[in-house]
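1. model the following, please.
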Amino acid sequence: MLLGLVAALSVYTSWYQAKMVVSTSEDMIASRLFAESLDTMMHHVELAETAHRIFVITGDQRYLAPCKSSIERVRSDLVGLQQSPVAQRYREKFARLNELVRLKLLNLDHAITMRNTSGFTPAWSVVVGENSKQQMDEIQAINLEIRRSANNTLSERAFKVHSYNRWTAVQLPISLALLFFLTALLAYFTVKYYSEKKSTELSLAHAYRIFERFMDNSPTIAFIKDASGRYIYTNKNFEERLEARGVSVIGLREFDWLPADLAAKVMATDASVLSTQKTSETQESMLLGGVETTWYVIKFPLRDPNGNALLGGVAIDITQLKTAERKIEKLNIALKQRVSELEELTTILEKARDQANAVSKLKSQFMANLSHEIRTPMSGLLGMSELLLDAHLEPEPRELVGYMHQSAQNLLDVVNDLLDFSKLESGKVNLDITDFAVEALVSDTHISVGLAANRKGLQVETKVSPDIPRTVFGDPGKTRQILLNLAHNAVKFTPSGKISITVELLSRVEDLMQVEFSVADTGIGITEEAQQKLFEPFYQADSSNTRRYGGTGLGLSISKGLVNLMGGSIEVDSQFGVGSRFSFTIPLYASPTTEIS
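-> Numbers count the residues shown, from 1 in each chain. As a prediction, this is how the structure comes out:
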């Protein structure tokens, strides 16, 4: 809109400037003609004066005709100048000029009369007298002033014409370009409007077909009524599902095809929606083919393009839903009964849990008391047997004392294992995080199993990775217990060969390290079937080992529990008859400032 106004203003300005150029050009032509006519008149005045002087001097009647002819031409010039529109600009000056020229002509006529009647001298005094000279000087002065003004006007008009021409030369092409652009734009939008209108009409027709197909395939029934309650639209499902099968209800009202009581109820709902202009949601039941069906009906107000009130509605068959609701109600009753039974069962289970906890507590107390009662005499027995072994006994008594010492030690180990297992099972084992040296821990383990290994002629090797810091933070007691258990098992089940104790750094993220401890032997090995249950409590790969090697089968289970407690993992890799490798990986820390949980 703004661009159109600019273009229109530009075109109008160009037209106005062109008009001004034409007007100014016409004015310049008129001014130039006026100036030329003025020059011509002055020339004729001078010619008339010259002719009169010749006639006065000579008195020859032959010169009288040119004098009269000159006077007539001057008068004719005055008439022409008076008719020029330019003369109106110099109205006062031109009037004075006209008066002086006429007086000059009268003087010249008087000079002719004086020459014919009085002779040369009086006539000459009229022609060349002071009055005649003053008239001629004033005529020339006024003529010069008018000419100067006319020239100035011509210069101004010429400048204006030049300015108009220069501005028009720039503005006119722009205006024409804008006009052309607007014309093209108008044509484009006109074509676009009618194209879009046609496209919209086609789209609306296509959308209506889609809408009609969609509604005809919808599982709901849909309808639209006018303000009087007559149907103006129904979908296919409406005709098929309701009693009006095979008969179109378009133009009908409920009383025309429904039972009176149902029709009255439906029309009352319609009237409420139209009067309140609010959506209505109701459930309506009716008999269809002798079967009662329930419908969920939504009715809502509409307006046609002319603003007339309409009523739209959709209905969904919820008969199956109602049937399901009744079944759900029955199931809810049964469920409540079942919940009540489960609550009673939960109460029983809670009592059983409390009893089990009490039994577990009694078991822990029993194990603690039993451990204390057995450890005290067993420690005395071990001490006395060690004293006897240090005494100078005969070989046979010394051997018997040795058996007694070993049996007492085995029994003490069993008691310790049972106590540790009981603590793990009851969750009473806590970590004791402190700093320790991995190399010292491995060295202590080597010393602890070294004597038993030397008795069997076994070679014990140890290796600690140089990547592990000299001092780490963790639970050294439980780490030593796990490593000793694995090392003692290796010595116990290795008849010959060697045992390797290795510590490797698997990974490190800042101060957190994953460290692997492993014990490898060349012992009897373990079958694949036995490896699956090896870490279960009281399990041994071969029951004959209990009689041959002793033990309770709790060592590996306790080790696994301690590894899990430290957030690690334990595993075994073994080949029967070749040897075994037990390894456990636990997190250790390189700095005491690290938050250890």
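2. ok, how many other residues are close to residue 95?
-> Neighbour count for residue 95, taken as other CB atoms under 10 Å: 12. The C-beta positions use only the backbone N, C-alpha and C, and glycine is treated the same way.
3. secondary structure element holding it?
-> helix 91-117 (DSSP states H and E).
4. could you point out which element follows that helix?
-> Next along the chain from helix 91-117, counting by DSSP H and E, comes helix 120-128.
5. mind listing the strands for this protein?
-> 221-226, 231-234, 280-288, 291-303, 309-317, 434-436, 459-464, 472-474, 498-509, 512-521, 569-575, 579-589 (DSSP state E).
6. between the ones you listed, which one is nearest to residue 191?
-> strand 291-303 (33.1 Å; CB to CB).
7. partners of that closest one in the sheet?
-> Strand 291-303 sits in its sheet next to strand 280-288 (antiparallel), strand 309-317 (antiparallel), going by DSSP bridges.
8. what's the first one in contact with?
-> It stands for strand 280-288. 241-243, 262, 265-266, 269, 272-273, 292-300, 315, 318 (CB atoms under 8 Å, 6 or more residues apart in numbering).
9. same for the helix holding residue 95, what does it pack against?
-> helix 2-58, helix 64-83, helix 120-128, helix 130-216 (3 or more CB pairs under 8 Å, 6 or more residues apart in numbering; DSSP states H and E).
10. from the chain's centre, how far out does the shortest one sit?
-> Its chain's C-alpha centre lies 112 Å from the corresponding centre of helix 120-128 when counted by CA atoms, centre = their mean, to the nearest Å.
11. same check on the longest one?
-> The gap between where helix 130-216 is centred and where its chain is centred comes out at 49 Å by CA atoms, centre = their mean.
12. for that helix, what is the average pLDDT?
-> Here helix 130-216 scores 73 as its mean pLDDT.
13. counting by contacts, list what that helix packs against.
-> Helix 130-216 packs on helix 2-58, helix 91-117, helix 236-241, going by 3+ CB pairs under 8 Å, 6+ apart.
14. compare the mean pLDDT across those helices and name the weakest.
-> The bottom spot among the helices and strands packed on helix 130-216, by mean pLDDT, belongs to helix 2-58, with a mean of 66.
15. number of residues surrounding residue 487?
-> Around residue 487 there are 25 residues (other CB under 10 Å).
16. which residues does it contact?
-> Here residue 487 is in contact with 445, 448, 449, 499, 501, 519 (CB under 8 Å, 6+ apart).
17. how about residue 274?
-> With CB under 8 Å, 6+ apart, residue 274 has these contacts: 227, 301, 309, 311.
18. ok, for the last one, nearest residue in space, not its chain neighbours?
-> This points to residue 311. Distances taken as CB to CB, 6 or more residues apart in numbering place residue 225 nearest to residue 311, at 4.5 Å, with adjacent residues excluded.
19. give me the beta-bridge partners of the one you found?
-> residue 231, residue 311.
20. thinking again about what came up before, biggest separation within the contacts of residue 274, which pair?
-> So, the contacts of residue 274 by CB to CB: farthest apart are 227 and 301, at 10.2 Å.
21. joint contacts of those two?
-> In contact with both residue 227 and residue 301: 274, 309, 310, 311, using CB under 8 Å, 6+ apart.
22. now do stretch 124-142: distance to the chain's middle.
-> For stretch 124-142, the distance to the chain centre is 100 Å (CA atoms, centre = their mean).
23. list the buried residues for that stretch?
-> 124, 125, 126, 127, 132, 135, 136, 138, 139, 142 (16 or more other CB atoms under 10 Å).
24. what comes into contact with it?
-> 42, 45, 49, 52-53, 56-57, 93, 96-97, 100-101, 103-104, 107-108, 110-111, 114.
25. now swap in stretch 312-326 and tell me
-> Against stretch 312-326 from outside (CB under 8 Å, 6+ apart): 219-225, 241, 283-284, 292-302.
26. could you tell me the end-to-end distance of stretch 239-253?
-> 14 Å (CA to CA, to the nearest Å).
27. gap between residue 230 and residue 274?
-> 13 Å (CB to CB, to the nearest Å).
28. and for residue 195?
-> Relative to residue 274, and taking CB to CB, residue 195 is found at 40 Å.
29. residue 328 too?
-> 36 Å.
30. what of residue 457?
-> Counting by CB to CB - residue 457 and residue 274 are separated by 109 Å.
31. what's the domain layout of the protein?
-> 2-185, 218-317, 321-429, 431-589 (automatic domain parsing).
32. would you turn those domains into TSV with distance to residue 191?
-> TSV is the format used below for the domains of the chain (distance: least, CB to CB, whole Å):
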stretch	distance to residue 191
domain 2-185	11
domain 218-317	26
domain 321-429	55
domain 431-589	71
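33. do you know which of these lies nearest residue 206?
-> Nearest of the domains of the chain (CB to CB): domain 218-317, 18.0 Å.
34. straight-line length of the closest one, end to end?
-> Span of domain 218-317 from end to end, CA to CA: 12 Å.
35. any weak-confidence spans in the stretch 251-400 of the chain?
-> Within the stretch 251-400 of the chain, the stretches with pLDDT under 70 are 287-290, 356-376, 378-379, 381-382.
36. all helices of it, in order?
-> 260-276, 319-390, 395-426 (DSSP state H, counting those that start in this stretch).
37. neighbours of the spatially closest residue to residue 126 that is not a sequence neighbour, how many?
-> With CB to CB, 6+ apart as the criterion, residue 126 has its nearest non-adjacent residue at 4.2 Å, and that residue is residue 111. The number of residues packed around residue 111, counting by other CB under 10 Å, is 25.
38. residue 111 touches residue 120, doesn't it?
-> No - the pair residue 111 and residue 120 does not pass the contact test of CB atoms under 8 Å, sitting 10.6 Å apart.
39. mutual contacts of the two, please.
-> residue 56.
40. do I have it right that residue 147 meets residue 35?
-> Yes - the criterion here is CB under 8 Å, and residue 147 meets it with residue 35 at 5.9 Å.
41. out of the two, which sits in the busier spot?
-> residue 35 (19 against 15).
42. and the residue lying closest to residue 448 once chain neighbours are set aside, how far from residue 432?
-> Leaving aside its chain neighbours, residue 448 sits nearest to residue 484 (5.9 Å; criterion: CB to CB, 6+ apart). Going from residue 484 to residue 432 by CB to CB gives 17 Å.
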